[in-house]
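J.: Turn this into a model:
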Amino acid sequence: MGTIRDRIYGGGGFGKAAPAGATGHGSVEATSEQLAAWRVERRLRKRGGLAGLTPDLARNIGSSRWFRGLATLVGLSAAAIAFWPGIAPVSASPATRLDQAGRDELRSQMITPLALGAESGRRMGATGLVRPLAAAPERPQIELLATLGGGATLEGTLRRAGVGGADADRVLALVGGAIDLSDLEPGTQIDITLGRRPAETAPRPLKSLAFRARFDLALEVGRNGDTSPLALTRTPIRVDETPLRIRGTVGPSLYRSARAAGAPANAVQAYLKALGQQIDVGSLRASDTFDIIVQHRRAATGERQAGALLYAGVERDEKPRVQLMRWGREGQFFEASGVGEQRSGLVAPVPGRVTSRFGMRRHPILKYKRMHAGLDFKASYGTPIVAVTDGRVSGAGRMGGCGNAVRLSHGGGLQTRYCHMSRMAVSSGQSVRRGQVIGYVGSTGLSTGAHLHYEMYRSGRPVDPSSVKFVTRAQLSGAELARFRETLATIKQVEAGAALADLVPTSAEQASEEPQREIDRVDKPQKID
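T.: The predicted structure follows:
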């Protein structure tokens, strides 16, 4: 089989077709179909010049023809990437704005699970076929659970729950005779049961009201009959106040180890703060033993309540290294010897570096040398200034070149003064604690900029504050010291984890828990003697 040209012109192939009807050796007569096919082949041959741009890249690798094909591939790929459509969200019409009534109507008629807020299966939206009733029967009683909110009163809570004015006043009188109404804590839950109203416009009468007034007391107000007056029933709850003692190994992190042992977060924070005022917490070893004792109350009904930190201790090699116990009205920690826990020195009044020290210097404003009777701390305007130790405010106001200043007396002839304040936070005669904010950094008086000038006096003479290394707190003595040590010995006898056990019910509590009806005994376990 030859090409179409060969079949038309024969083997000679002069490049021109012979006239129609001509005959000769090696020539045939071309039909119209053959001519059409030859024209197609000729057009393809003319377009064959593009084949040089699109060769087979698997052949003749490295030739000029192959590199032309590679350039064509790269160019087409770049063009495809350049015209690649972006990915963006399709714009949609804005959602229809619905008010609360519209949302409620849609929710009442949609078919979705009840967990997602649907009303299906409970209530459906009314249609035109629904005819309202002329009157509906009233529920015989309503049971409510009210919660006493922060800043709310018992009277307001009862009124919002639907209790009538006369019943609310009676409840306040009964409950007020048992406890101080101001002692009710926010979050107290009140179970309220309202009875059938005597008339259509009258409020529902109060049938019963019960709540936990204190951790150790439950109160209930109720009626013996529909017409009987309200009466109060007190139910004391047995409470055990054995402290909770938690011990464990310090390990890589004291905080995490204490939390893993079951210590409350606020107790661990108080424990670390107490230790930090006595020793360097970073010096503790992983093998040391922490000892935490906190206030703890457990009720016979199963509730538990953790309180403040009572004891903070550290043992090393089974010997006590630190023993701190809370003592006194102010709740200060004292070590076992009866000395306050502050032994590591004074705290810095502001968190800044010292820019000018105690001694002679050239005054930046007066331009002559004079005694600089204190330390200057670099601090920005408005930085809080704290008391370096406990004391009493002996002066607060304008003090000459010091500007607004506060002077504290710490006992033993020791005084400190804080100058150039923008604002003072204490007044004369007030007692302050170590670390309490007494004012804010400013630039009043003879000052070139915001900073704190801090002075210390001993018996009226200025001393270098950086030379004072230790300040001892009040020390217990006499009968108070004896009571302190007796209490410390008693609290250290508490077994670790003993307060976590449930209280053993008394015979009266067991009798109250016994079922009174025969049908209630089915679910109760049988006692075997």
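
J.: Strands along the stretch 401-529 of the chain, start to end?
T.: Along the stretch 401-529 of the chain, the stretches classed as strands by DSSP state E, counting those that start in this stretch are 404-411, 414-424, 431-432, 437-441, 451-458, 461-463.

J.: err, the stretch 201-350 of the chain, not the other one
T.: Secondary structure of the stretch 201-350 of the chain (DSSP E, counting those that start in this stretch): strands located at 206-214, 217-222, 231-236, 239-240, 244-249, 289-299, 304-316, 319-327, 332-335.

J.: buried set for the fifth one?
T.: Along strand 244-249, the positions that meet the burial threshold by neighbour count (16 or more other CB atoms under 10 Å) are Leu244, Arg245, Ile246, Arg247, Gly248. Every C-beta, even on glycine, is put in place using the N, C-alpha and C of the backbone.

J.: for the second one, same thing?
T.: Using 16+ other CB under 10 Å as the burial criterion, the residues of strand 217-222 that qualify are Ala218, Leu219, Val221.

J.: give the contact list for the residue lying closest to the second one once chain neighbours are set aside.
T.: Which is Leu219. Taking CB to CB, 6 or more residues apart in numbering as the measure, Leu219 lies nearest to Ala213, with 4.7 Å between them; neighbours along the chain are not counted. For Ala213, the set of contacting residues under the criterion of CB atoms under 8 Å, 6 or more residues apart in numbering consists of Val175, Ala178, Ile179, Asp183, Leu184, Thr188, Leu219.

J.: Also Leu144?
T.: If you count contacts by CB under 8 Å, 6+ apart, Leu144 has them with Ala161, Gly162, Asp191, Ile192, Thr193, Leu194.

J.: again with Cys402
T.: Arg417, Cys419, His420, Gly445, His453.

J.: Lowest-confidence member of those residues, which is it?
T.: pLDDT is lowest at Gly445 among the contacts of Cys402; the value there is 85.

J.: Confirm for me that it is in contact with Gly401.
T.: Yes: applying CB atoms under 8 Å, one finds Gly445 in contact with Gly401, separated by 4.9 Å.

J.: So between those two, which is more surrounded?
T.: Between Gly445 and Gly401, counting by other CB atoms under 10 Å, Gly445 is the more crowded of the two (18 against 15).

J.: distance of the more buried one from Leu206?
T.: Using CB to CB, to the nearest Å, Gly445 is found at 66 Å from Leu206.

J.: count of residues packed around the residue nearest to Thr188 when sequence neighbours are not counted?
T.: Nearest in space to Thr188, with sequence neighbours left out and distances taken as CB to CB, 6+ apart, is Leu148 at 4.3 Å. Leu148 has 19 neighbours, counted by other CB under 10 Å.

J.: For Leu148, which residues are in contact?
T.: Shown here is Leu148, whose contacts under the criterion CB under 8 Å, 6+ apart are Leu154, Thr157, Leu184, Glu185, Pro186, Gly187, Thr188, Gln189, Ile190.

J.: go again using 10 Å as the cut-off
T.: Residues near Leu148 by CB atoms under 10 Å, 6 or more residues apart in numbering: Leu154, Gly156, Thr157, Leu158, Leu184, Glu185, Pro186, Gly187, Thr188, Gln189, Ile190, Phe211.

J.: quick one: which of the contacts of Leu144 is nearest Lys492?
T.: Asp191 (42.5 Å; CB to CB).

J.: Can you point out the helix or strand that includes Cys171?
T.: Slight slip there: residue 171 is Val, not Cys. For Val171, the enclosing helix or strand under DSSP states H and E is helix 165-178.

J.: Identify all contacting residues around whichever helix or strand comes after that helix.
T.: Next along the chain after helix 165-178, taking DSSP H and E as the criterion, comes strand 189-194. Counting by CB under 10 Å, 6+ apart, strand 189-194 makes contact with 139, 141-148, 154, 157-158, 161-164, 167, 171, 184, 203-212, 219-222, all of which sit outside it.

J.: of these, buried ones?
T.: Among the contacts of strand 189-194, those classed as buried by neighbour count (16+ other CB under 10 Å) are 142, 146, 148, 154, 157-158, 161, 163-164, 167, 171, 184, 203-212, 219, 221.

J.: To what extent is Arg483 buried, counted in neighbours?
T.: Counted with other CB under 10 Å, Arg483 comes out at 12.

J.: now it: how far from Thr490?
T.: Applying CB to CB, the value for Arg483 to Thr490 is 11 Å.

J.: same question, Leu452
T.: Computed with CB to CB, the distance linking Leu452 and Thr490 is 45 Å.

J.: picking that back up, max pairwise distance over the contacts of Leu144: which two?
T.: Greatest spacing in the contacts of Leu144, by CB to CB: Gly162 and Asp191 (13.8 Å).

J.: Need the contacts of Ala213 in JSON lines (columns: pLDDT).
T.: Output for those, formatted as JSON lines (pLDDT from 0 to 100):
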{"residue": "Val175", "pLDDT": "91"}
{"residue": "Ala178", "pLDDT": "89"}
{"residue": "Ile179", "pLDDT": "89"}
{"residue": "Asp183", "pLDDT": "86"}
{"residue": "Leu184", "pLDDT": "88"}
{"residue": "Thr188", "pLDDT": "89"}
{"residue": "Leu219", "pLDDT": "92"}
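
J.: Just the buried ones out of the residues you listed, please.
T.: In the contacts of Ala213, burial by neighbour count holds for Val175, Leu184, Thr188, Leu219, counting by 16+ other CB under 10 Å.

J.: of the residues you listed, closest to Val463?
T.: For those, the closest approach to Val463 (CB to CB) belongs to Leu184, at 52.6 Å.

J.: Touching, that closest one and Arg214? I think so.
T.: Yes: taking contacts as CB atoms under 10 Å, Leu184 lies within contact range of Arg214: 8.9 Å.

J.: which residue packs closest to Gln323, ignoring adjacent ones?
T.: Excluding its sequence neighbours, the residue lying closest to Gln323 (CB to CB, 6+ apart) is Ala336, at 4.0 Å.

J.: what's the neighbour count on the one you found?
T.: Ala336 is flanked by 16 other residues according to other CB under 10 Å.
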